[in-house]
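Undergrad: Let me see the structure of the following:
(2 chains)
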Number of protein chains: 2
Amino acid sequence: MAYVNANYQKLAGAYLFREVDHRVTEFCDQNPSKKDKLLRCGIGDVTEPLVPAVVTAMHSAVDDQGRGSTFHGYGPPTGYPFLREAIAQHEFQDRGIDIDAQEIFVSDGSKGDCASILDILCHENRIAITDPVYPVYVDTNVMLGHTGSVGENGQYAGLTYLPATAENRFVPDIPSVPLDLIYLCYPNNPTGETITRAQLEAWVAYALDHEAIILYDVAYKDFIRDDSLPKSIYEIPGARQCAIEFHSFSKSGGFTGVRCGFTVCPKELTGKTVDGTKLVLHDMWNRRWSTKSNGVSYIVQRGAEALYSKAGQTQATAIIDKYLENGRLLRQGCESLGLTVYGAQHSPYVWAACPEGVSSWEMFDEMLNTHQIIVMPGSGFGSCGEGYIRISAFPSAEVVAEVVNRMSKISSNIA
Amino acid sequence: MAYVNANYQKLAGAYLFREVDHRVTEFCDQNPSKKDKLLRCGIGDVTEPLVPAVVTAMHSAVDDQGRGSTFHGYGPPTGYPFLREAIAQHEFQDRGIDIDAQEIFVSDGSKGDCASILDILCHENRIAITDPVYPVYVDTNVMLGHTGSVGENGQYAGLTYLPATAENRFVPDIPSVPLDLIYLCYPNNPTGETITRAQLEAWVAYALDHEAIILYDVAYKDFIRDDSLPKSIYEIPGARQCAIEFHSFSKSGGFTGVRCGFTVCPKELTGKTVDGTKLVLHDMWNRRWSTKSNGVSYIVQRGAEALYSKAGQTQATAIIDKYLENGRLLRQGCESLGLTVYGAQHSPYVWAACPEGVSSWEMFDEMLNTHQIIVMPGSGFGSCGEGYIRISAFPSAEVVAEVVNRMSKISSNIA
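TA: Numbers count the residues shown, from 1 in each chain, chains lettered A, B, ... in the order given. Purely as a prediction, here's the structure:
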């Protein structure tokens, strides 16, 4: 009989989002009359449609594919030059950051990239994640056998968990132990807080010191409205020697259903094999893409390119502004409940502390069953997320207004 | 320093298509005046544009994404029901084959699927590939450490190579040794030949007997024009217990630049862990997709769905007919050179034996340098491909006519 990957057995229960879906479905089955009252602030999915610049570009690309003279077959596995160059210019060079188009690898989204980067790394690394954390970083390592079993606290043996708490304002302290791979995500999912330049400098210094690699996820960077805060780790000198960066058009361009993102892998970055041979990660990542992929849809890449046009940038920024306004209102709503609130100032997530003694799932159930507001239980993101809920600012302004309205009426019950 | 995957060092030289590109570029640099005379029959990339039914559907889907009321954010990781159901119905149920929509996993293409299926399998399997073979099956196993080093004959230690030669009409004999995973691709790339129902029955019987899994690639199935030949392994009783099937819209729908395909993973299929626990592959494959992917672009999935409309089917079939006519002419051209010719009757590839004593790369160089025709050297697909060239029937009718014209003039030189 064929052998299968035993590590899948280690995966703890269902994926967080599936458990949330399950409880919501159960509620709807038991309360059919309340189904229409549900307000969805759980999953971080955008709701605003694609901006006109993208729609126009994609129509044009569809037409290209329907004409013999402009038809595109197989594209370059790592992305068309037109998109890689637009990214390098607008995201980096125009901001004085030294990143070349050849260092951009276009993909169908950041979730896949966070998973597939592990293809070129290996079992021996000492891996650190923050707690709480985006579950994909953990589960993809579990599936590859980079961890032991899960403990009662939900933590896997073999991973180093870096607490991100209210005390350190959700940026972990620099570790006192040596680590090889460190996942960081700022602006952060789920806490909605971000990192300062000085804090990121300290992390880069640590990585250089320990020859570690930082896997830096900036899916929410376009929500930053303060120029003193870093939007890319490559703003920090030395980061080219110690960081791979993950970008997504999902939240910045409304591409959750379109699927496009990219990684940045600088040419200086090296790692070693178990026998000590130094290898260049850029070469390996190139080889990984040319062997395992035929690249991203031409139509999608033309859509992503349009986000860098003048019209595209103006239109996309206006939508992010809407989500930020949602976040501001949701923060106010939570404050009216007497909750301590974090996040949503440079990100689309409110991170609210539950009332004393109330667990994340209890608060989730209360919000769902009593108020028909779907949030995410903070504990689903890690043990340090216990006692918090995450509220997404991505719903429509109408939904957000109704959430705030219901919160204003229920404040006395909870607080 | 971070540890990297040492298996990448085992990969033998550049990927075949890159070496071909290199020689073509070199030729063009040295012969700029002949650059315009080049006829490209190397890589198996389609040249006909998307059919009108697909173009219309994709325009409509782009519009959906541009309106708030019809916008789609994150889709199901394994594909929208509208596409999974269309596939299950048209590819299987309408043809009396028992495959359910839940057993269809939509992806961005078959190359990625052939690679990522290894996520749920593991190191202990005895893996067999045909020789010659699509290089992706081999390289993805090398990268995961499922092989030893490459030998002088280009074969990796630890893999079982099943010779596919003119003697067995390019369908390997049933092995006398036990195997766990067997890659088969019919209609075949690169030989262009296909398998009979009786031969496929024998392979299914072998797999059931040894509790092995057949990884069955049918990327070219729509080129079959003889109803007695199998288009799916699930036409064979018992295959639900022993096969995963890989489908692609690349060649059947002209989707090489659009990117869509799917795998079929029946619910009965099981494998065992090293400690003997039986696991259901369908569950694992589901988990793999929900953890590592957010699915395929909504716009792309609507395009794929349109291939199953009445208009889409008629239009796509007409294009495949064109490519088959190209294949017929290219076979004639090769025969006029006195070459022994295989393939291209139920596939888009001509597989021609080089004249006695001429190697694949010698023939490649001769065709390029003297006649400006780009073909693929058969030896690039494995040691049993030595002495053959592969000629793609995907170029335009004009290019094919000129190839045949040049062949008719050069016959006396080569034969």
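Undergrad: you'd agree A:R126 is up against A:P175?
TA: No: using C-beta atoms under 8 Å, A:R126 makes no contact with A:P175, being 9.8 Å away. For glycine as for every other residue, the C-beta is placed from the backbone atoms N, C-alpha and C.
Undergrad: Give me the nearest residue to A:P178, chain neighbours excluded.
TA: Leaving aside its sequence neighbours, A:P178 sits nearest to A:H210 (C-beta to C-beta, 6 or more residues apart in numbering or on different chains; 5.0 Å).
Undergrad: overlap in contacts of A:R126 and A:P175?
TA: Each of A:T160 lies in contact with both A:R126 and A:P175 under the rule C-beta atoms under 8 Å, 6 or more residues apart in numbering or on different chains.
Undergrad: who has more neighbours, the two?
TA: Taking neighbours as other C-beta atoms under 10 Å in any protein chain shown, A:R126 and A:P175 compare with A:R126 leading, 19 against 16.
Undergrad: if I pick the more buried one, what's in contact with it?
TA: A:160, A:177-181 are the contacts of A:R126 under C-beta under 8 Å, 6+ apart.
Undergrad: The residues you listed into a markdown table, with extra columns for secondary structure, pLDDT and neighbour count?
TA: Converted to a markdown table, the contacts of A:R126 look like this (DSSP: H, G, I helix; E, B strand; the rest coil; pLDDT from 0 to 100; neighbours: other C-beta atoms under 10 Å in any protein chain shown):
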| residue | secondary structure | pLDDT | neighbour count |
| --- | --- | --- | --- |
| A:T160 | strand | 98 | 16 |
| A:V177 | coil | 95 | 8 |
| A:P178 | coil | 96 | 11 |
| A:L179 | coil | 97 | 19 |
| A:D180 | coil | 98 | 22 |
| A:L181 | strand | 98 | 25 |
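Undergrad: Tell me which residues touch whatever residue of the stretch 301-415 of chain A ends up closest to chain B, please.
TA: Nearest residue of the stretch 301-415 of chain A to chain B (C-beta to the nearest C-beta) works out as A:S396 at 7.8 Å. By C-beta under 8 Å, 6+ apart, the residues touching A:S396 are A:47-48, B:68.
Undergrad: are any of these buried, and which?
TA: A:47-48 (16 or more other C-beta atoms under 10 Å in any protein chain shown).
Undergrad: which one of the contacts of A:S396 is nearest A:S297?
TA: Nearest to A:S297 among the contacts of A:S396: A:E48, at 21.7 Å, using C-beta to C-beta.
Undergrad: Can you name the residues of the stretch 251-400 of chain A that neighbour chain B?
TA: Residues of the stretch 251-400 of chain A found near chain B (C-beta under 8 Å from any C-beta of the partner chain) are A:256-259, A:270-275, A:277-279, A:281, A:284, A:287-288, A:290-300, A:396.
Undergrad: Now do the helices in chain A.
TA: Using DSSP state H, the helices found in chain A span residues A:16-30, A:52-65, A:81-87, A:110-116, A:135-143, A:197-210, A:281-292, A:298-306, A:310-336, A:360-371, A:397-414.
Undergrad: Now do A:K251: how many residues are near it, please.
TA: Using other C-beta under 10 Å, A:K251 has 25 neighbouring residues.
Undergrad: That one contacts A:D45, doesn't it?
TA: No: here A:K251 does not reach A:D45: they are 9.3 Å apart, not a contact under C-beta under 8 Å.
Undergrad: Mean neighbour count, the helices of chain A: which tops it?
TA: helix A:298-306 (a mean of 26; mean count of other C-beta atoms under 10 Å in any protein chain shown).
Undergrad: what about dumping the CA coordinates of it to CSV?
TA: Only the C-alpha atoms of helix A:298-306 are listed here, as CSV (Å, rounded to 0.1, in the frame of the first residue of the first chain):
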residue,chain,number,x,y,z
TYR,A,298,-1.9,36.6,-17.7
ILE,A,299,-5.2,38.3,-17.1
VAL,A,300,-4.7,38.4,-13.4
GLN,A,301,-1.2,39.9,-13.8
ARG,A,302,-2.5,42.6,-16.1
GLY,A,303,-5.1,43.4,-13.4
ALA,A,304,-2.4,43.6,-10.7
GLU,A,305,-0.3,45.9,-13.0
ALA,A,306,-3.2,48.3,-13.2
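Undergrad: now it: how far from the chain's centre is it?
TA: Helix A:298-306 sits 21 Å away from the centroid of its parent chain (C-alpha atoms, centre = their mean, to the nearest Å).
Undergrad: what's the angle between it and helix B:52-65?
TA: Per axes from the mean of the first three to the mean of the last three C-alpha atoms, to 10 degrees, the angle that helix A:298-306 makes with helix B:52-65 is 30 degrees.
Undergrad: Just list what helix A:298-306 packs against, helices and strands only.
TA: Counting contacts by 3 or more C-beta pairs under 8 Å, 6 or more residues apart in numbering or on different chains; DSSP states H and E, helix A:298-306 is packed against helix A:52-65, helix A:81-87, helix B:298-306.
Undergrad: how far does the first one sit from the chain's center?
TA: For helix A:52-65, the distance from its own C-alpha centre to the chain's C-alpha centre is 27 Å (C-alpha atoms, centre = their mean).
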